[in-house]
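Student: everything below, folded, please.
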Amino acid sequence: MRAKLIPDHVPIVRKNGISATYNLINFVNGMIGPGCFSVAMAFKQGGLWTSFFLVFFIGTVSTISMHKIVRCSQLLARILGDQSLDYGEMAAAAFRNSFPAIHKYGKAAQFFVNGCLIFFQVGVASILAYFDVDNPFSDKVMLLLYGVPATVINMLKDIRAVTFTCLVGNIFIFAAIGLILEELMTSKHIWQELPWITSFDSVVMCAGSLLYSFEGQAMVLPLENKLKHPRDMNGWTGVLTTGMAFVTIIYTYCGFYGYITYGNAVDGSITLNLPDNTVNIVVKILLVFVVFFGNVLQIYVIAEMIWPPVKKRLEKGETSKFLAVDRRLRGSIDMLGLAVAVPNLQQIIPFIGITAGMLLSLIIPAVLDVVVFLPPKLADGESKLRISLFLAEDVFLFVVGLFFLVSGLQSNVKSMMHS
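Tutor: Coordinates of the predicted model:
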């Protein structure tokens, strides 16, 4: 590996970075959206107590994998002189700074990771766009009413402006969650009548749905790159651990109480089960604003990933040209998300989660962790026991991810064929 340009004992400080608090606001907004209301459907797929366990299991392994991504990026940033690396760039740098035999696969790793990211993020944005409210307007009118202002707000490039929209989105989503949980917790519960576990295929689809709900894999590095003190992302009280613990608890409440309230009648989103009383109409209106403001971060992540290679192809010095192309790019991404919005949430959510979500959250982080950290461990002469424990953790994540990927694809294909 190349000599470190920034020593380990020297903390990295970015002059124009944002604080851990702002970063946590962005992270929570990206993690908690209308998708949290689909967790009850995952409980229906897996069974009450099986799904209850899976929420914490998926939340824990997702947190571990996110930490691996961040640690790999921070080590490579020191090696490369504190460059800001997105997920794809980090994958390329990992291969190019590892064993000589895999240096040539850096570009292929970057393309593969970026492909998974685009598929996952566009899928998330599309499903966000579909979480609709019963309305008297046609689809074309609703597309204009939502699409035009959404495209305008998605032109935001400054992370502080994005943080403000995330803060507004958080206010709306927590207001909606509070009203829905009050409705669910005061309703009649039928948990005694519900199965503890369902079939193998359904449990695997449950894992895919839950993994989709923990949709933060793509935004971890873009957010870490904007931190003033990158070390604030890690640790027991860092942005990742704090945010994921909070999100896991919210998901558990929404999924558990949604399922024991509506049972097997629960829809793809529990908002579709709500009766049309005044409170629930307010909830649905709040969710329109949640989708509007929450989609900003999803588009921001995709644009930040696609823009650098596009920028390199443009002529240097033409600022107005850069600005025009950047605006078109962000608008095109937003319109693509609306164009592919799909109504069949019970099939598309597990499919996205079990494919791109499983690769990004478990399989790829495990591979990159070995690629980045194994060479220096061998070079430093670490004991065989410590190296074995290090490899065992990554092998476990890889095997779990591969198992759910293969079995999940099989289950989803069966489900789609039957439909």
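
Student: pLDDT score for the residue nearest to Asn225 when sequence neighbours are not counted?
Tutor: Among residues not flanking Asn225 along the chain, Ser84 sits closest, at 4.0 Å (C-beta to C-beta, 6 or more residues apart in numbering). In short, each C-beta sits where N, CA and C put it, glycine included. Residue-level confidence at Ser84 comes out at 76, pLDDT.

Student: any weak-confidence spans in the stretch 301-419 of the chain?
Tutor: Within the stretch 301-419 of the chain, the segments meeting pLDDT under 70 span 301-354, 411-412, 415-416, 418-419.

Student: now for the closest residue to Gly35 other than its chain neighbours, how many residues are close by?
Tutor: In this structure, Gly35 finds its nearest non-sequential neighbour in Ser213, 4.9 Å apart by C-beta to C-beta, 6+ apart. With neighbours defined by other C-beta atoms under 10 Å, the count for Ser213 comes to 30.

Student: give the contact list for Ser213.
Tutor: Taking C-beta atoms under 8 Å, 6 or more residues apart in numbering as the contact definition, Ser213 lies against Gly35, Cys36, Ser38, Val39, Ala42, Tyr251, Gly353.

Student: can you tell me the element Ala91 falls in?
Tutor: helix 87-96 (DSSP states H and E).

Student: and the gap between Leu80 and Glu89?
Tutor: As for Leu80, its distance to Glu89 is 10 Å (criterion: C-beta to C-beta, to the nearest Å).

Student: neighbour count for those two, which is higher?
Tutor: Glu89 (23 against 18).

Student: now the closest residue to the more buried one other than its chain neighbours: how far from Met233?
Tutor: Spatial nearest neighbour of Glu89, excluding adjacent residues (C-beta to C-beta, 6+ apart): Gln110 at 6.5 Å. Applying C-beta to C-beta, the value for Gln110 to Met233 is 22 Å.

Student: those two: who's more crowded?
Tutor: Between Gln110 and Met233, counted using other C-beta under 10 Å, the more crowded position is Met233 (28 against 22).

Student: give the contact list for the more buried one.
Tutor: So Met233 contacts Ala20, Asn23, Val70, Val220, Leu223, Glu224, Leu227, Val239, Leu240 (C-beta under 8 Å, 6+ apart).

Student: same deal with Gly401?
Tutor: Each residue near Gly401 by C-beta under 8 Å, 6+ apart is listed here: Met358, Leu359, Ser361, Leu362, Ile363, Ala366.

Student: ok, the last one - how many residues close by?
Tutor: As a burial measure, Ala366 scores 25 neighbours (other C-beta under 10 Å).

Student: same thing with the second one?
Tutor: Counted by other C-beta under 10 Å, the residues lying close to Leu359 total 23.

Student: excluding sequence neighbours, find me the nearest residue to it.
Tutor: Taking C-beta to C-beta, 6+ apart, and ignoring the residues beside it in sequence, Leu359 has Cys116 as its nearest neighbour in space, at 5.1 Å.

Student: which element is that neighbour on?
Tutor: Taking DSSP H and E as the criterion, the element that holds Cys116 is helix 106-130.

Student: what do you get for Phe53?
Tutor: helix 48-80.

Student: return the set of buried residues in that helix.
Tutor: For helix 48-80, a neighbour-count test (16 or more other C-beta atoms under 10 Å) marks 48, 50-52, 54-55, 58-59, 61-80 as buried.

Student: and what of stretch 239-256?
Tutor: Buried-residue list, stretch 239-256, by 16+ other C-beta under 10 Å: 239-244, 247-248, 250-256.

Student: now it: mean pLDDT?
Tutor: Here stretch 239-256 scores 93 as its mean pLDDT.

Student: contacts for it next, please.
Tutor: In this structure, residues lying in contact with stretch 239-256 by C-beta under 8 Å, 6+ apart are 20, 23-24, 27-28, 31-32, 36-37, 39-40, 42-43, 48, 51-52, 55-56, 59, 62-63, 66-67, 70, 177, 180-181, 210, 213-214, 216, 220, 223, 227, 232-235, 270.

Student: want to throw the contacts of Met233 into a markdown table with distance to Pro195 and secondary structure?
Tutor: Output for the contacts of Met233, formatted as a markdown table (distance: C-beta to C-beta, whole Å; DSSP: H, G, I helix; E, B strand; the rest coil):
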| residue | distance to Pro195 | secondary structure |
| --- | --- | --- |
| Ala20 | 42 | helix |
| Asn23 | 40 | helix |
| Val70 | 38 | helix |
| Val220 | 35 | helix |
| Leu223 | 39 | helix |
| Glu224 | 41 | helix |
| Leu227 | 44 | strand |
| Val239 | 37 | helix |
| Leu240 | 34 | helix |
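
Student: for these, which one is nearest Val372?
Tutor: Sorting the contacts of Met233 by how near they are to Val372, with C-beta to C-beta, puts Val70 at the top with 11.5 Å.

Student: so that closest one sits against Met219, correct?
Tutor: No - between Val70 and Met219 there is no contact under C-beta atoms under 8 Å: 11.8 Å.

Student: low pLDDT regions in the stretch 1-150 of the chain?
Tutor: Along the stretch 1-150 of the chain, segments meeting pLDDT under 70 span 1-10, 34, 82-83, 121-150.

Student: for this structure, what spans make up the strands?
Tutor: Assigned strands in the chain: none (criterion: DSSP state E).

Student: how near is the residue lying closest to Phe289 once chain neighbours are set aside to Thr165?
Tutor: Of all residues beyond its chain neighbours, the one nearest Phe289 is Phe172 (4.5 Å), with distances taken as C-beta to C-beta, 6+ apart. Distance check for Phe172 against Thr165: by C-beta to C-beta, it reads 11 Å.

Student: and for Ala91?
Tutor: Counting by C-beta to C-beta, the separation of Ala91 from Thr165 is 29 Å.

Student: ok, back up a step: ok, of the contacts of Ser213, which come out buried?
Tutor: In terms of neighbour count (16+ other C-beta under 10 Å), the buried residues within the contacts of Ser213 are Gly35, Cys36, Ser38, Val39, Ala42, Tyr251, Gly353.

Student: tell me, how many neighbours does the nearest residue to the third one once chain neighbours are set aside end up with?
Tutor: Once its chain neighbours are removed from consideration, Ser38 has its nearest residue in Ser269; the separation is 5.3 Å (C-beta to C-beta, 6+ apart). The number of residues packed near Ser269 is 25, by other C-beta under 10 Å.

Student: do I have it right that Ser269 meets Ala42?
Tutor: No - using C-beta under 8 Å, Ser269 makes no contact with Ala42, being 11.4 Å away.
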